[in-house]
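S.K.: fold the following for me, if possible:
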Amino acid sequence: MRKIISITLGILLLAGAVLVAKYLIDKKNKPKPKFDKIVKTVFVEEVNNREIPIIITTSGNLVAKHKIDLYAEVQGVLKPSSKEFKAGTSYNRGEAILKINSDEFYANLKSQKSNFYNSLTSIMPDIRLDYPNEFQKWQSYLNSFDINNTTPKLPVINTDKEKYFISGRGINTAYYNVKNLEVKLSKYNLRAPFKGILTEALVTPGSLVRAGQKLGEFIDTSVFELEVNINEAYAYLLKKGNSVAVTNLSKTNSWEAIVVRVNAKVNQTTQTVKVYLQVKGSDLKDGMYLNAALKTKEINDAIEISRRLLVDNSKVYVVKDSILNLVEVDPVYFGNETVIIKGLQNGTSILSKNLPGAYDGMLVKTIKDNK
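M.R.: Next comes the predicted model:
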């Protein structure tokens, strides 16, 4: 019985060994699976070397070229005027912006004018007797004198004796005291030095105004200046009178500006130079933030590409016979988003869009990028 079981197990083991061997032989002879090689498609454009202007983009805040702070030089109560003294009110040149009550000061001025007139009349008899040839001009001066109008200029003194006589009687001192008060009286009425708009009002009618107190801010809205910072390396290329294009942040409006000043001092921290642009136009407001594009010089035999296409700041991918080649180029100028490069021949196919995972020798298919 044991002999039969042993023979049976031997047969089964032999059969199993035969099956395993056959399976291994079949698996070894089975053809390996084939995988299709993936070839990526890239966008390319042909190199066309040309003259490319270097345009420096910068930005800054717009400031009114003519801006003044209004201060009181005299003291008094602010009077209501024909226009409200509030921000946004516009005034023409010479129009009264505000008036300060001057009744008390005006009464004092009239008193001084009266004293001056009395001093003149008191010396007229002496002039008739001692200086008869000069009497008529002083008489004409008295006749033209009006206490309610501006004091006229004193007559011309012809001789030293007449000068000493007039000065000794205190006429010159009294005259200049009156003129000083007349000048001070004009400061009670503040008039617009140019056509503009009140941008800040710090007092209201009826309030007491003190000498030296700030009253507001007045600007001319017809012309503005834009202060921008330019790299010192390109500042020498900017000249007075150069035209500059400026736009708002949303790029919905654009204006033409002119370089009016270039600072001669370089900021030691940023190594930049301040450039001042003058710009006129509608929709401009003091404090606006504007972008400026300053054209400096032109680079010959160069192209402009995206900075993302530059590898290690000195190489780019070109396509030759469907193979990517990494070649050296000469970067001339780096902008915010683009770079100007030289060193590629006309007609060379260069990547126009970045390719993730690209490497030198990579097989690709090309599509011409019609920008």
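S.K.: retrieve the pLDDT associated with residue 287.
M.R.: pLDDT, residue 287: 90.
S.K.: and the nearest residue to it once chain neighbours are set aside, how many neighbours?
M.R.: Using Cβ to Cβ, 6 or more residues apart in numbering and skipping residues adjacent in sequence, the residue nearest residue 287 is residue 61, 6.1 Å away. (Glycine included, C-beta is placed from N, CA and C.) Using other Cβ atoms under 10 Å, residue 61 has 13 other residues around it.
S.K.: ditto for residue 63
M.R.: When neighbours are counted by other Cβ under 10 Å, residue 63 registers 15.
S.K.: could you pull up the contacting residues of it?
M.R.: The contact partners of residue 63, by Cβ atoms under 8 Å, 6 or more residues apart in numbering, come to 224-227, 286-287.
S.K.: ok, the one helix or strand the residue nearest to residue 287 maps to: who's next to it in the sheet?
M.R.: Taking DSSP states H and E as the criterion, residue 61 maps to strand 50-64. For strand 50-64, sheet partners with direction are given as strand 224-231 (antiparallel), strand 289-306 (antiparallel), following DSSP bridges.
S.K.: to residue 39, which of those strands lies closest?
M.R.: Nearest to residue 39, of all those, is strand 289-306, at 23.7 Å by Cβ to Cβ.
S.K.: okay, buried residues for the closest one please.
M.R.: 290-292, 294, 296, 299, 302-305 (16 or more other Cβ atoms under 10 Å).
S.K.: for the helix or strand following it, output the C-alpha coordinates as PDB.
M.R.: Proceeding N to C from strand 289-306, the next assigned helix or strand is strand 315-320, under DSSP H and E. Provided in PDB are the C-alpha atoms of strand 315-320 (Å, rounded to 0.1, in the frame of the first residue of the first chain):
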ATOM      1  CA  LYS A 315      20.400  80.400 -22.400                       C
ATOM      2  CA  VAL A 316      17.300  79.700 -24.500                       C
ATOM      3  CA  TYR A 317      15.900  76.600 -26.200                       C
ATOM      4  CA  VAL A 318      15.900  76.500 -30.000                       C
ATOM      5  CA  VAL A 319      14.500  73.800 -32.200                       C
ATOM      6  CA  LYS A 320      16.600  72.200 -34.900                       C
END
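S.K.: buried set for strand 315-320?
M.R.: 315-319.
S.K.: and which of the residues you listed is nearest residue 348?
M.R.: Set against residue 348, the nearest of the buried residues of strand 315-320 by Cβ to Cβ is residue 318 (5.4 Å).
S.K.: so that closest one touches residue 341, yeah?
M.R.: No. In this structure, residue 318 is not within contact of residue 341 by Cβ atoms under 8 Å, at 11.7 Å.
S.K.: check which residues of the one helix or strand residue 44 maps to are buried.
M.R.: Here residue 44, judged by DSSP H and E, is contained in strand 40-46. With burial defined by 16+ other Cβ under 10 Å, the residues of strand 40-46 counted as buried are 42, 44-45.
S.K.: also stretch 149-163?
M.R.: Those would be 151, 154, 157, 162, for stretch 149-163 by 16+ other Cβ under 10 Å.
S.K.: now, those residues that are in helices?
M.R.: residue 162 (DSSP state H).
S.K.: Throw the buried residues of stretch 149-163 into a markdown table and include distance to residue 134 and pLDDT, thanks.
M.R.: Output for the buried residues of stretch 149-163, formatted as a markdown table (distance: Cβ to Cβ, whole Å; pLDDT from 0 to 100):
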| residue | distance to residue 134 | pLDDT |
| --- | --- | --- |
| 151 | 20 | 91 |
| 154 | 12 | 91 |
| 157 | 8 | 87 |
| 162 | 6 | 88 |
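S.K.: which one of the buried residues of stretch 149-163 is nearest residue 277?
M.R.: Distances from residue 277 to these, taken as Cβ to Cβ, are shortest for residue 151 (47.5 Å).
S.K.: ok, for that closest one, nearest residue in space, not its chain neighbours?
M.R.: That would be residue 178: by Cβ to Cβ, 6+ apart, it lies 5.2 Å from residue 151.
S.K.: could you give the number of residues near that neighbour?
M.R.: Neighbours around residue 178, by other Cβ under 10 Å: 19.
S.K.: thought it was touching residue 114?
M.R.: No. Contact criterion Cβ under 8 Å: residue 178 and residue 114 do not qualify, at 9.8 Å.
S.K.: tell me the one among the buried residues of strand 315-320 nearest to residue 68.
M.R.: Using Cβ to Cβ, those come closest to residue 68 at residue 316, 55.0 Å.
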